[in-house]
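A.B. asks: Need a 3D model of the following:
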Amino acid sequence: MDAKNDTPSTQKKGLGGWLILVGLGVVFTPFRLLMNTVPAYEPLLQSDIWDALTNPDSAAYHPLWGPLLIGEITFNVGLFLASLYLIYLFFTRHWLFPSFYIGIVLSSLVFIPADAWLVSIVLPQEPMFDPDTTKEFVRTLIGALIWIPYMLMSQRVKETFVKDQQDLSPALPVAESN
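C.D. replies: Next comes the predicted model:
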């Protein structure tokens with residue numbers, strides 16, 4: 001609040017400051033997901049690899065291959081769709097943006113090691129955290145350590161993401177003044 005006239009300060013409002021970095025990340029995330037996910041799964045779905053991994057008569061078969069791959073693809077498609085929605089929330093300054101952003105980051109932090117663990121069950125000879133998995137987890141963890149506290153404590157975030165916020169507090173009777 002501005003002490004001179006009791007109006008909110010405009011210095012900490014709007015898509016400026018550190019929110020510019022958040023916005024860049026939000027905008028580029030769907031493209032990064034596509035660039036990483038499509039090349040990884042496209043050959044799997046367009047060839048006989050899927051049959052080799054999910055057919056009990058195949059030497060490469062493991063009963064968890066099908067659920068693991070379907071789970072990975074489902075999570076990545078969901079993450080892609082959520083990231084598109086996150087762009088909408090960000091640029092409309094919707095009050096759900098900070099919570100939705102934190103939810104996406106936390107779900108990724110849980111999914112990466114859970115997926116690595118399941119892959120290590122299917123492929124016990126492979127390290128649980130290969131270099132790519134480790135890099136992705138560390139990148140996500142560092143981002144979480146920086147941006148989750150920012151989303152929770154920043155005055156700019158609190159004053160920017162207010163669109164369509166409903167007053168969920170119970171209506172209090174207004175005292176009449178004489």
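A.B. asks: how deep is residue 123 tucked in, by neighbour count?
C.D. replies: Per other CB atoms under 10 Å, the neighbour tally for residue 123 reads 14. (C-beta placed from N, C-alpha, C; glycine too.)
A.B. asks: Also residue 160?
C.D. replies: Residue 160 is flanked by 21 other residues according to other CB under 10 Å.
A.B. asks: so what's it scoring on pLDDT?
C.D. replies: What the model reports as pLDDT for residue 160 is 89.
A.B. asks: which residues sit in contact with it?
C.D. replies: Taking CB atoms under 8 Å, 6 or more residues apart in numbering, we find residue 160 in contact with 13, 14, 15, 19, 93.
A.B. asks: so which of those residues is the most crowded?
C.D. replies: residue 19 (21 neighbours).
A.B. asks: and the gap between residue 130 and residue 138?
C.D. replies: Between residue 130 and residue 138 the distance, using CB to CB, to the nearest Å, works out to 13 Å.
A.B. asks: which ones are touching the residue nearest to the spatial centre of the chain?
C.D. replies: The chain has residue 104 as the residue nearest its centroid, 2.6 Å off, counting by CA atoms, centre = their mean. If you count contacts by CB under 8 Å, 6+ apart, residue 104 has them with 79, 82, 83, 86.
A.B. asks: taking the residues you listed one by one, which sit in helices?
C.D. replies: 79, 82, 83, 86 (DSSP state H).
A.B. asks: Need the three-state assignment for the residue lying closest to residue 97 once chain neighbours are set aside.
C.D. replies: Using CB to CB, 6 or more residues apart in numbering and skipping the chain neighbours, the partner closest in space to residue 97 is residue 89 (4.0 Å). Secondary structure for residue 89, judged by DSSP: H, G, I helix; E, B strand; the rest coil, is helix.
A.B. asks: contacting residues for residue 89?
C.D. replies: Applying CB under 8 Å, 6+ apart, the residues contacting residue 89 are 96, 97, 100, 101, 161.
A.B. asks: Which residue in the residues you listed has the weakest pLDDT?
C.D. replies: Note: of the contacts of residue 89, the lowest pLDDT belongs to residue 161, at 88.
A.B. asks: who touches the closest residue to that residue other than its chain neighbours in this structure?
C.D. replies: Excluding its sequence neighbours, the residue lying closest to residue 161 (CB to CB, 6+ apart) is residue 97, at 4.6 Å. Contacts of residue 97 were listed using CB under 8 Å, 6+ apart, and they are 86, 89, 90, 161.
A.B. asks: what about the helices in this protein?
C.D. replies: 19-45, 49-54, 65-91, 97-122, 131-153, 155-160.
A.B. asks: helices and strands of the chain: which one bottoms out on pLDDT?
C.D. replies: For the chain, using mean pLDDT, DSSP states H and E, the weakest element among its helices and strands is helix 49-54, scoring a mean of 88.
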